[in-house]
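# Give the three-dimensional model of this entry:
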Amino acid sequence: MYHKRVLYLGYYLKELDWVKLRNFLNYVSVNEKKSKLQLVSDMFTSSLKYNISLLEYFQFRFYKLNKVEREEYAGTGFMYEYHLRMNPKTSRNVLEDKRQFLNHYGEFVRHRFASLQDLEKDPELATLLLSNASGKVVLKSSSGQCGNGIEIRDSKDFTIETLISRLKSTENDLVEEFVLQHTSLDKLSPSGLNTIRIFTQLTSDNKVEILGSRLRITVNSSVDNLAAGNIAAPINVESGQIDGPAVYSDITKREEAVHPITNVKIVGFQIPFWSETIRMVEQAALKNVGNRSIGWDVAITNSGPELIEGNHNWCKLLWQLPVKKGLKKELLKYI
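Here you go, the predicted model:
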């Protein structure tokens with residue numbers, strides 16, 4: 001096991017955002033009155049012992065936690081192995097490839113979409129997409145992660161030819177009509193689509209269990225990912241109401257009980273169509289039982305919920321940070 005942890009540590013160092021690490025280290029050293037040497041030593045020891053990335057040492061606030069509390073967190077290494085077990089490489093392609101996802105789960109998708117290949121075969125599909133009610137289109141990569149490379153553009157910027165040309169000139173190969181979110185969510189934050197992440201798990205007898213739900217809230221951003229500097233808040237699975245403040249993955253920023261731009265109250269916010277949303281993801285979770293643990297991205301419109309994506313490698317930060325505790329025990333019972 002120790003040899004594997006050393007390999008993981010090598011991966012964490014290879015992928016490390018050194019600027020962010022320095023910012024976190026300086027912040028904690030000043031605010032916790034701990035030496036940087038002490039923190040760095042504990043960071044590396046914790047990475048090897050608890051299989052967490054170096055940034056997760058700070059994001060999980062390990063510098064404040066005892067051994068028992070640290071053991072409760074599911075870090076990158078543990079989650080990689082868990083997702084590999086629950087969503088094998090032989091099954092997960094329907095989630096990895098957004099084109100396959102939108103077609104396979106089409107009964108839960110309301111908005112129009114087309115791949116670059118579709119547009120090249122039938123250019124008139126572009127006319128339908130460019131005339132959608134939102135007046136916007138979303139250009140993305142079918143294999144993209146964390147909102148990387150996504151473009152949200154006004155439909156009027158394109159003709160059929162220039163839309164296809166734009167896709168070809170980038171790594172994007174999928175275009176979707178922009179989803180108009182529910183009025184209440186638009187009042188909360190109109191800068192982008194605010195999606196709900198619901199984590200589902202299949203039991204050994206294929207019953208669907210909900211591991212939690214979070215509202216991803218945009219903060220002057222066109223995408224709602226935590227990695228893009230946005231916030232996420234915990235949703236009570238029974239009521240559909242936000243029952244805690246929203247948090248950033250950036251530890252130098254304070255939590256938000258009200259939206260920092262719109263001043264709309266976050267705590268107590270009621271997600272519309274909640275029972276319909278839960279019913280939809282429960283049905284979707286059973287559509288391909290080869291993938292047993294999925295993080296669903298759900299948009300809520302004035303007409304009800306719809307699926308945007310399904311994630312085989314759903315985010316451990318989004319799952320644990322908003323509730324301020326480690327949830328690894330929730331997963332151990334399924335192994």
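# for the residue nearest to residue 149 when sequence neighbours are not counted, what are its contacts?
Nearest residue to residue 149, sequence neighbours excluded (C-beta to C-beta, 6 or more residues apart in numbering): residue 141, at 5.4 Å. (Each C-beta comes from the backbone N, C-alpha and C, glycine too.) Contacts were defined as C-beta atoms under 8 Å, 6 or more residues apart in numbering; by that measure residue 141 touches 98, 148, 149, 171, 172, 173, 174.
# So residue 141 versus residue 221, what's the distance?
18 Å (C-beta to C-beta, to the nearest Å).
# Break down the chain into its strands, ranges please.
113-115, 136-140, 151-154, 174-177, 196-202, 208-217, 231-234, 293-301, 304-311 (DSSP state E).
# tell me what the last one is packed against?
What that stands for is strand 304-311. For strand 304-311, the packing partners by 3 or more C-beta pairs under 8 Å, 6 or more residues apart in numbering; DSSP states H and E come out as helix 93-96, helix 98-104, helix 274-285, strand 293-301.
# Check the fourth one too.
When contacts are defined as 3+ C-beta pairs under 8 Å, 6+ apart, strand 174-177 sits against helix 98-104, strand 113-115, helix 116-121, helix 124-130, strand 136-140.
# related to what we said a few turns ago, okay, the contacts of residue 141 in CSV with neighbour count and distance to residue 25 next?
Shown next, in CSV, are the contacts of residue 141 (neighbours: other C-beta atoms under 10 Å; distance: C-beta to C-beta, whole Å):
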residue, neighbour count, distance to residue 25
98, 21, 36
148, 13, 26
149, 13, 30
171, 12, 33
172, 19, 36
173, 20, 39
174, 24, 39
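# Which of these sits closest to residue 274?
residue 98 (25.5 Å; C-beta to C-beta).
# is it true that that closest one touches residue 174?
Yes: under the criterion of C-beta atoms under 8 Å, residue 98 makes contact with residue 174 at 5.7 Å.
# so what sits against both of those two?
140, 141, 142.
# What count of nearby residues applies to residue 179?
19 (other C-beta atoms under 10 Å).
# Helices of the stretch 1-150 of the chain, residue ranges please.
Secondary structure of the stretch 1-150 of the chain (DSSP state H, counting those that start in this stretch): helices located at 2-14, 18-31, 36-50, 54-59, 67-71, 76-86, 93-96, 98-104, 116-121, 124-130.
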